[in-house]
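Participant: Prediction below, plus the sequence it came from.
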Amino acid sequence: MKTGTKSGGLRYWMERVLDECEHVAQDFSADPVHDLRVALRRCRSMADGMMAMDPDRDWKAMKKAGKRLFQRLGDLRDVQIMMEWIEKLHPRRSQTAASDVSPEPTADRGSAGDGNRTTRSDSAADALFEILQERELAHKKEARAALDEFDGKEWRQWCKSLPVRAARVRPGSAVFKHLALERWTAARELHTRALRNRSQIAFHTLRIGIKRFRYIVENFLPEQHKSWSDDLKHMQDLLGEVHDLDVLWAAAVSCHVFPDDASRKSWHARILEERTKRIDEYRSRMVGPASLWDEWRAGLPQGKQIPQIATQRMKLWAKALDPDFAHSERVARLALQLYDGLAAAGLLDRASAPSLTEASNRNGSDARASLNLAALLHDVGKAKGKKGHHKESLDLIKKHGVPLGWKPEAMTRAAIVARFHVGALPTRSHKVLRDLLPDEQKIIIQLAAILRLANAFDNGHDGHVRKLQIENPGPKHKDSKRRTNGFLRKLPVLGPNEAVVIGAEGFVAGSSTAQAVAAERYLLETMLRRPVVVKAIKSSVPRQVAEGSKKIA
């Protein structure tokens, strides 16, 4: 199959899998098996990256199909790697093996030959090599069965459809940098753990973490890949060789190949020496002020960028599920306008709106940010049908996972708020609320009230209502005071039973939207303990001019 000239990208590696399947089928030798596993791992890592933004089920199916073949080739590859290491650590063994299979045996290949073998060969290496050769034959049979089960026809269909979906997100974009930062963060934690306890499992897990980070960089961040690829691969290879040595030693011990204690000690000393060299080299590059960790981190998102890009990732994910994501974006904008107006007027509970500065979405954990995310994601459940979609939205958001920059409690809050954008009203006794603390229950119900009303203002999915604002006078500063002629003076506040007046630009009394608003304002009235009145307001900018400016922008 022609794979093209460009050695990268999803299409290239998916076609490469099919090519390598043909090569492997010939004799299942070491190099083709390795190349096939590399191609499969590349495809699976790219699927893993895309699944964070594209919920299409084919990504998961492709990843699963590749995993089955990849794992069943793994035992064969492990045996072949151990055989290669025996040749590296005990080169005399290969010379002896060559003499054993000589096509022209000589007359003096008796006791002299045997004595020569005893002095030049490592009997433990010979014994282990023979055991591994037998295992290799058995694993080749299993690998052939796995290859026969691999559905090449289905894989070819994915070769056509999945690269098109992957092309929707431009390589090098901020969302891929955010995904790489997630992988960097996970790998950095594994690094700390490995250097602390120095166990074989910890270093093996660290290698996998670095590999996952490397593949995201290699596949989706071309600029960073140019700068980091050599170091990333070298660090991964060092840890890979450490793991290979650990596996070789465990195999030698379990197979009881050592003729005496001296042979066992000699093997262990040699393996430990090689292992220590690689660990020391890894530490020299990855610890200290010139650490590669710091170099890689400097090229990834920083500070406030992290939660902002996390929200962008969630929007990409929602856009693939929501049949009318433009409506959800309008609802999010209206919901935030309502929230800010009510917070500025001092009408929201302090727990949900402690101050406007704290509601600035700087860490992804405050109520305002949760409301924004809930509004953006409230209709993702429609991907599974319109009926009961609010419950499906809850499940999908919870299952998505928490992107870096957000906290689990904020995602859980957003999911519950989205659940109550329609349907039954939220109550403290509801099953998704009853186990939460009272303050959290109150915040969620307040946010749900705002979301329900904002959703009603775009009931027709037509964008007629373009702006919402609280018309009542209220405090403009967090201390609810202002200065007049050098003296502090309190701003007017609403009376105990005074109605909240919401001005809605584009609102038409008597319309279907007005009817929906009248039905959905009840929960907000209950939370505020005062009536809510909606009135139409005129736009300060003509609609045609405003729309024209948006198109230009």
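Facilitator: Perfect, I can see it now.

Participant: rest of the way, CA atoms for contacts and neighbours
Facilitator: Will do.

Participant: where does the stretch 451-553 of the chain dip in pLDDT?
Facilitator: 473-493, 540-553 (pLDDT under 70).

Participant: now the helices: where do they sit in it?
Facilitator: Assigned by DSSP state H, counting those that start in this stretch, the stretch 451-553 of the chain shows helices spanning 512-520, 522-528, 543-552.

Participant: Check what contacts the shortest one and list those residues.
Facilitator: Spelled out, it's helix 522-528. 347, 348, 425, 445, 446, 449, 450, 453, 531, 532 (Cα atoms under 8 Å, 6 or more residues apart in numbering).

Participant: which of the residues in that helix are buried?
Facilitator: Across helix 522-528, burial judged by 16 or more other Cα atoms under 10 Å covers 522, 523, 524, 525, 527, 528.

Participant: Give the buried residues for the host helix or strand of residue 201.
Facilitator: Using DSSP states H and E, residue 201 falls within helix 200-220. Within helix 200-220, the residues scored as buried using 16+ other Cα under 10 Å are 202-220.

Participant: Can you tell me the closest non-neighbouring residue to residue 408?
Facilitator: residue 402 (6.0 Å; Cα to Cα, 6 or more residues apart in numbering).

Participant: how close does the one you found sit to residue 441?
Facilitator: Distance, residue 402 to residue 441, by Cα to Cα, to the nearest Å: 21 Å.

Participant: And for residue 461?
Facilitator: Taken as Cα to Cα, the span from residue 461 to residue 441 is 29 Å.

Participant: ditto for residue 366
Facilitator: 14 Å.

Participant: Comparing the two, which shows the higher neighbour count?
Facilitator: Taking other Cα atoms under 10 Å, residue 366 and residue 441 do not tie; residue 366 has more neighbours (22 against 19).

Participant: Show the average pLDDT along the helix or strand residue 413 falls within.
Facilitator: Residue 413 belongs to helix 408-419 when assigned by DSSP H and E. Average pLDDT, helix 408-419: 94.

Participant: for it, the distance to its chain's centre please.
Facilitator: Helix 408-419 sits 18 Å away from the centroid of its parent chain (Cα atoms, centre = their mean, to the nearest Å).

Participant: What helices and strands are in contact with it?
Facilitator: helix 367-377, helix 389-400, helix 438-457 (3 or more Cα pairs under 8 Å, 6 or more residues apart in numbering; DSSP states H and E).

Participant: so what's residue 32 up against?
Facilitator: Contacts of residue 32 (Cα under 8 Å, 6+ apart): 20, 23, 24.

Participant: ok, the first one to residue 335 distance?
Facilitator: According to Cα to Cα, residue 20 and residue 335 sit 53 Å apart.

Participant: More neighbours: these two, which one.
Facilitator: residue 335 (29 against 19).

Participant: which element is the more buried one on?
Facilitator: helix 325-344.

Participant: Show the subsequent helix or strand relative to the least confident helix or strand in the chain by mean pLDDT.
Facilitator: Lowest by mean pLDDT, DSSP states H and E among the helices and strands of the chain is helix 111-120, with a mean of 38. Later in the chain than helix 111-120, the nearest helix or strand by DSSP H and E is helix 123-149.

Participant: Who are the packing partners of that following helix?
Facilitator: Applying 3+ Cα pairs under 8 Å, 6+ apart, one finds that helix 123-149 contacts helix 10-27, helix 57-89.

Participant: what mean pLDDT does it have?
Facilitator: 93.

Participant: Tell me the buried residues in it?
Facilitator: Buried, per 16+ other Cα under 10 Å, within helix 123-149: 123-129, 131-132, 136, 139-140, 142-144, 146-147.

Participant: Could you list the low-pLDDT ranges of this protein?
Facilitator: 1-8, 91-121, 350-365, 473-493, 540-553.

Participant: mind listing what residue 204 touches?
Facilitator: 239, 240, 243.

Participant: most surrounded residue in these?
Facilitator: Going by other Cα under 10 Å, residue 239 tops the contacts of residue 204 with 22 neighbours.

Participant: Was I right to think it contacts residue 278?
Facilitator: Yes - using Cα atoms under 8 Å, residue 239 is in contact with residue 278, at 7.3 Å.

Participant: Kindly calculate the angle that the helix or strand containing residue 50 makes with helix 200-220.
Facilitator: Using DSSP H and E, residue 50 sits within helix 30-51. Per axes from the mean of the first three to the mean of the last three Cα atoms, to 10 degrees, the angle that helix 30-51 makes with helix 200-220 is 70 degrees.

Participant: mind listing what's buried in stretch 31-44?
Facilitator: Result for stretch 31-44 [16+ other Cα under 10 Å]: buried residues 32-44.

Participant: Put together a markdown table for the residues you listed, with distance to residue 297 on each row.
Facilitator: Putting the buried residues of stretch 31-44 into a markdown table (distance: Cα to Cα, whole Å) gives the following:
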| residue | distance to residue 297 |
| --- | --- |
| 32 | 35 |
| 33 | 34 |
| 34 | 30 |
| 35 | 30 |
| 36 | 31 |
| 37 | 29 |
| 38 | 26 |
| 39 | 27 |
| 40 | 28 |
| 41 | 24 |
| 42 | 23 |
| 43 | 25 |
| 44 | 24 |
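
Participant: and which of the residues you listed is nearest residue 74?
Facilitator: residue 37 (8.1 Å; Cα to Cα).

Participant: burial of the residue nearest to that closest one when sequence neighbours are not counted, as a residue count?
Facilitator: Of all residues not flanking residue 37 in the chain, residue 70 sits nearest, at 5.8 Å (Cα to Cα, 6+ apart). Counted with other Cα under 10 Å, the neighbours of residue 70 add up to 23.

Participant: quick one on the thing from earlier: tell me how far the helix holding residue 50 lies from the chain's centre.
Facilitator: Counting by Cα atoms, centre = their mean, helix 30-51 is centred 17 Å from the centre of its parent chain.

Participant: now do stretch 122-131
Facilitator: That offset, for stretch 122-131, works out to 44 Å (Cα atoms, centre = their mean).

Participant: residues in contact with that stretch?
Facilitator: By Cα under 8 Å, 6+ apart, the list of residues contacting stretch 122-131 reads 83, 86, 90, 92, 93, 252, 255, 257, 258, 259, 263.

Participant: Looking at these, which one is closest to residue 77?
Facilitator: Of the contacts of stretch 122-131, the one sitting nearest to residue 77 (Cα to Cα) turns out to be residue 83, at 9.9 Å.

Participant: what pairs with the nearest residue to residue 337 once chain neighbours are set aside across the strands?
Facilitator: In this structure, residue 337 finds its nearest non-sequential neighbour in residue 468, 5.9 Å apart by Cα to Cα, 6+ apart. Following DSSP bridges, residue 468 is listed with bridge partners residue 504.

Participant: how about residue 468, what does it touch?
Facilitator: 334, 337, 338, 502, 503, 504, 505.

Participant: Any chance of those residues in JSON lines with neighbour count and distance to residue 13 as columns?
Facilitator: Listed next are the contacts of residue 468 as JSON lines, based on neighbours: other Cα atoms under 10 Å; distance: Cα to Cα, whole Å:
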{"residue": "334", "neighbour count": "27", "distance to residue 13": "44"}
{"residue": "337", "neighbour count": "18", "distance to residue 13": "47"}
{"residue": "338", "neighbour count": "21", "distance to residue 13": "49"}
{"residue": "502", "neighbour count": "20", "distance to residue 13": "56"}
{"residue": "503", "neighbour count": "19", "distance to residue 13": "56"}
{"residue": "504", "neighbour count": "23", "distance to residue 13": "53"}
{"residue": "505", "neighbour count": "18", "distance to residue 13": "52"}
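
Participant: Just the buried residues of stretch 49-61, please?
Facilitator: 49, 50, 51, 52, 53, 54, 55, 59, 60.

Participant: if I look at the nearest residue to residue 389 once chain neighbours are set aside, how far off is residue 504?
Facilitator: In space, and not counting its chain neighbours, residue 389 is closest to residue 381: 4.4 Å by Cα to Cα, 6+ apart. Separation of residue 381 from residue 504 (Cα to Cα) stands at 28 Å.
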